[in-house]
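Trainee: Any chance you can model this:
(one chain, ligands or ions: 1)
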Amino acid sequence: MPRATKYIFVTGGVLSGLGKGITAASIANLLKARGLRVNLQKCDPYLNVDAGTLNPREHGECFVTRDGAETDLDLGHYERFIDEELTSASSLMNGRVFLRVIEDERAGKYQGEDVQIVPHLTAAIQKFIQDAGAGFDVHIVEIGGTVGDIESQSFIEAIRELGMRVGLENCLYVHVVYLPYLGASKETKTKPAQNAVRDLRGLGISPNILVGRSEEPTNPGAKAKLSLFSGVAEEAIALLPNAPSIYQVPLTLEETGIANVICKQLGLTTKQPDLSDWARMVNHALGKHKHQITVGVVAKYLDNQDTYMSVFEALRAGAWANDADIAIEWIDAESIEKAEDVASVLKGIDGIVVPGGFGTRGLEGKIAAAQYALEHKVPYLGICLGLQMGVIAAARNAGVTGATTEELSPKSKHLVISTMAGQAGKENTGGTMRLGDYPCKIQAGSSVAKLYGTTAIIERHRHRYECNNEYRDQYESWGIRPAGLSPDGNLVEIIEATNHPFFVASQFHPEFKSRPNRAHPMFRGFIASLLQK
Ligand code: GLN
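Mentor: Residues are numbered from 1 along each chain as shown. Presented below is the predicted three-dimensional model:
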């Protein structure tokens, strides 16, 4: 008989942005290293049904799972930290729960009962959690937001009830709290953390484990004090000062011994963890590198690192794989549009990335950047929108004036990027795109075939528009070729320029499958091309 699933619930106190996602992912990493089968799930208090319609500028990147769920960026951390591909079951937004409950109510499933947050909504949450955890040794559930927020109360109540239902010996509550440092008295303060523990207890949950986040290493007595006043044993408190790299966190956590405490409390006997590969990757990432490169990311959102989280992580992994330090510079797409001289905006940049994006703002600047890259043989990596901009750039450079995309100018004559006849889902709302895994056949002999070392790949998509096949026979004269197609040959999935050191773009998002210790071939190849100059 399979072992019953054990649950670890990760909540946050004091303030948001403490790195609960990284903490949850790191615990998962340490448990997987002990040979356990681990799943993760992010519960978000938003009333959106999924993250597809959230503004990436505020909420950060929309991460896409292989089965096409549009999710919170924490799932990206989860995948990178446990090196597994997760599914839609790992992402639960409150809107989805409400939708389920209301649909059930309309379908008459409540048989005349008054439908309430408690017990109906909380029961629905528990079902989503248990379904996601089924078949795993440990299921780690991160609750978004801060304990005490109105929005997340139903989730907190649901995990409290779940503990009662499956038995507290099968559950562990991890509370991530903040330990501020007061410069005036040169002291780590524990009071906000004590209060945060009290808030959680007030809702009926006694934390088993505390993770104390701080910007600097804490004062020596801080842990004992936090333990005494929060009633959590010292051995069950892990202190996590800011790390030089997020990938350092599992190693720091392991040193605190917290993973052993977690296993002991859950009654899990495991093998000793083997973290040597991970430690090697972190040492290499943080160590000295032979090369130094600067990559320009042409974007319209410039003020939130999280917007292109997976792209940045994939670029870093690509750099480490090439023994290079990478500086990532934002380039404002609109400033390229306005510039008299594109070269001046791109000064000091070794290579250009045009990542995914939606909407019309900044598109002309991205096209101009791609045109510049083609003309001046600057390495270019295009991702999704970046491919579309690359095709338009090639067409325009070859004299097809007015070449554009339906997204920018639907009535134009030369829509080299468009929705194709018969394609479903043209509305600009959630859930109407080509999403998730699709197979792609790479053309033998292409430079991409060399990068991948195979011609059959599967990659994740998230887009509405496609290369317009009416123009495909002109690609050669534009200096590009389709280097990857859908297996039926109908959709262009990858293009590359024919006479260029590295001009490669994909309709899919390779960044989602990149790992810190296994850089994605497209990113590794892109960075390698920068070193060849
Ligand atoms: N906006 C483009 C489309 O919908 C590109 C999407 C993307 O880059 N993810 O096709």
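
Trainee: so how far is the ligand from the residue sitting furthest away from the middle of the chain?
Mentor: Centroid-distance maximum for the chain: Gly112 at 41.7 Å, with CA atoms, centre = their mean. Per CB to the nearest ligand atom, to the nearest Å, Gly112 is found 45 Å from the ligand. For every residue, glycine as well, the C-beta is placed using N, CA and C.

Trainee: Report the secondary structure state of that residue.
Mentor: coil (DSSP: H, G, I helix; E, B strand; the rest coil).

Trainee: Before we move on, what's the pLDDT of it?
Mentor: With respect to pLDDT, Gly112 scores 91.

Trainee: which residues does it contact?
Mentor: By CB atoms under 8 Å, 6 or more residues apart in numbering, the contact list for Gly112 is empty.

Trainee: quick one: which helix or strand includes the residue nearest the centre of the chain?
Mentor: Residue closest to the average C-alpha location in the chain (CA atoms, centre = their mean): Gly76, at 2.8 Å. Assigned by DSSP states H and E, Gly76 belongs to helix 74-82.

Trainee: right, and Phe523 touches Leu315 too?
Mentor: Yes - contact criterion CB atoms under 8 Å: Phe523 and Leu315 qualify, at 6.0 Å.

Trainee: which regions of this structure lie under the pLDDT threshold?
Mentor: 1-2, 420-432, 533 (pLDDT under 70).

Trainee: What residues does it have near the ligand?
Mentor: With the criterion set to CB under 6 Å from any ligand atom, the chain comes near the ligand through Gly356, Gly357, Phe358, Cys384, Leu385, Glu407, Arg462, His463, Arg464, Tyr465.

Trainee: and with 5 Å instead?
Mentor: With CB under 5 Å from any ligand atom as the criterion, the chain meets the ligand at residues Gly356, Phe358, Cys384, Leu385, Arg462, His463, Arg464, Tyr465.

Trainee: Torsion angles phi and psi at the closest residue to Asp332 other than its chain neighbours?
Mentor: Closest residue to Asp332 apart from its sequence neighbours, by CB to CB, 6 or more residues apart in numbering: Leu302 at 5.7 Å. When read as degrees, to the nearest 10, the backbone of Leu302 gives phi -120, psi 0.

Trainee: can I assume Leu302 is in contact with Ile328?
Mentor: No - if you go by CB under 8 Å, Leu302 and Ile328 don't touch, sitting 11.8 Å apart.

Trainee: And the helices in the stretch 251-400 of the chain, which stretches?
Mentor: 258-266, 276-286, 309-321, 333-338, 342-345, 363-376, 385-397 (DSSP state H, counting those that start in this stretch).

Trainee: Can you say which of those is packed in most?
Mentor: Compared across the helices of the stretch 251-400 of the chain, helix 385-397 shows the largest average neighbour count, a mean of 26 (mean count of other CB atoms under 10 Å).

Trainee: just checking, next helix/strand downstream of it?
Mentor: Next helix or strand after helix 385-397 toward the C-terminus (DSSP H and E): strand 404-405.

Trainee: list the helices and strands that next one packs on?
Mentor: Packed against strand 404-405 by the contact rule (3 or more CB pairs under 8 Å, 6 or more residues apart in numbering; DSSP states H and E) you find helix 385-397, strand 415-418.

Trainee: Now render those as CSV, adding distance to Ala4.
Mentor: CSV is the format used below for these (distance: least, CB to CB, whole Å):
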stretch, distance to Ala4
helix 385-397, 45
strand 415-418, 51
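
Trainee: what's the closest of these to Ala483?
Mentor: Comparing the helices and strands packed on strand 404-405 against Ala483 with CB to CB, the closest turns out to be helix 385-397 (10.7 Å).

Trainee: gap between that closest one and the chain center?
Mentor: Put simply, helix 385-397 sits 26 Å off its chain's centre (CA atoms, centre = their mean, to the nearest Å).

Trainee: Likewise for stretch 265-284?
Mentor: 23 Å.

Trainee: What of stretch 214-223?
Mentor: That offset, for stretch 214-223, works out to 30 Å (CA atoms, centre = their mean).

Trainee: Let's see it as PDB, backbone CA atoms only.
Mentor: Output in PDB follows, covering the C-alpha atoms of stretch 214-223 (Å, rounded to 0.1, in the frame of the first residue of the first chain):
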ATOM      1  CA  SER A 214      16.400  38.700   7.800                       C
ATOM      2  CA  GLU A 215      18.500  41.000   5.700                       C
ATOM      3  CA  GLU A 216      21.600  40.500   7.700                       C
ATOM      4  CA  PRO A 217      22.800  37.600   9.900                       C
ATOM      5  CA  THR A 218      20.900  37.900  13.200                       C
ATOM      6  CA  ASN A 219      22.300  38.700  16.600                       C
ATOM      7  CA  PRO A 220      23.500  35.600  18.600                       C
ATOM      8  CA  GLY A 221      20.600  35.600  21.000                       C
ATOM      9  CA  ALA A 222      17.800  36.100  18.500                       C
ATOM     10  CA  LYS A 223      16.900  32.400  18.000                       C
END
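
Trainee: Give the buried residues for it.
Mentor: Ser214, Thr218, Asn219, Ala222, Lys223 (16 or more other CB atoms under 10 Å).

Trainee: Put together JSON lines for those, with secondary structure on each row.
Mentor: Formatted as JSON lines, the buried residues of stretch 214-223 follow (three-state DSSP):
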{"residue": "Ser214", "secondary structure": "strand"}
{"residue": "Thr218", "secondary structure": "coil"}
{"residue": "Asn219", "secondary structure": "coil"}
{"residue": "Ala222", "secondary structure": "helix"}
{"residue": "Lys223", "secondary structure": "helix"}
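
Trainee: coming back round to it: past the helix holding Gly76, which element shows up next along the chain?
Mentor: Trace forward from helix 74-82 with DSSP H and E and the next one is strand 91-93.

Trainee: rewinding a little: with respect to Gly52, which of the residues of the chain next to the ligand is nearest?
Mentor: Using CB to CB, Arg462 comes nearest to Gly52 of the residues of the chain next to the ligand, at 8.3 Å.

Trainee: next one: phi and psi at that closest one?
Mentor: The phi/psi pair for Arg462 (degrees, to the nearest 10) is phi -160, psi 90.

Trainee: and the closest residue to it other than its chain neighbours, what does it touch?
Mentor: Nearest non-adjacent residue to Arg462, counting by CB to CB, 6+ apart: Val64, 4.8 Å away. By CB under 8 Å, 6+ apart, Val64 lies in contact with Glu70, Thr71, Leu435, Gly436, Arg460, His461, Arg462, His509, Phe512.

Trainee: 10 Å instead, please
Mentor: By CB atoms under 10 Å, 6 or more residues apart in numbering, Val64 lies in contact with 51-52, 70-71, 75-76, 88, 310, 356, 433, 435-437, 460-462, 508-509, 512.

Trainee: hang on, the earlier thing: Lys42: which of the helices of the stretch 251-400 of the chain is closest?
Mentor: helix 309-321 (13.7 Å).

Trainee: Packing partners of the closest one?
Mentor: Other helices and strands packing on helix 309-321, by 3 or more CB pairs under 10 Å, 6 or more residues apart in numbering; DSSP states H and E, are strand 63-64, helix 74-82, helix 276-286, strand 291-299, strand 324-332, strand 351-354, strand 380-383, helix 521-531.

Trainee: Also compute the angle for it relative to helix 385-397, please.
Mentor: 80 degrees (axes from the mean of the first three to the mean of the last three CA atoms, to 10 degrees).
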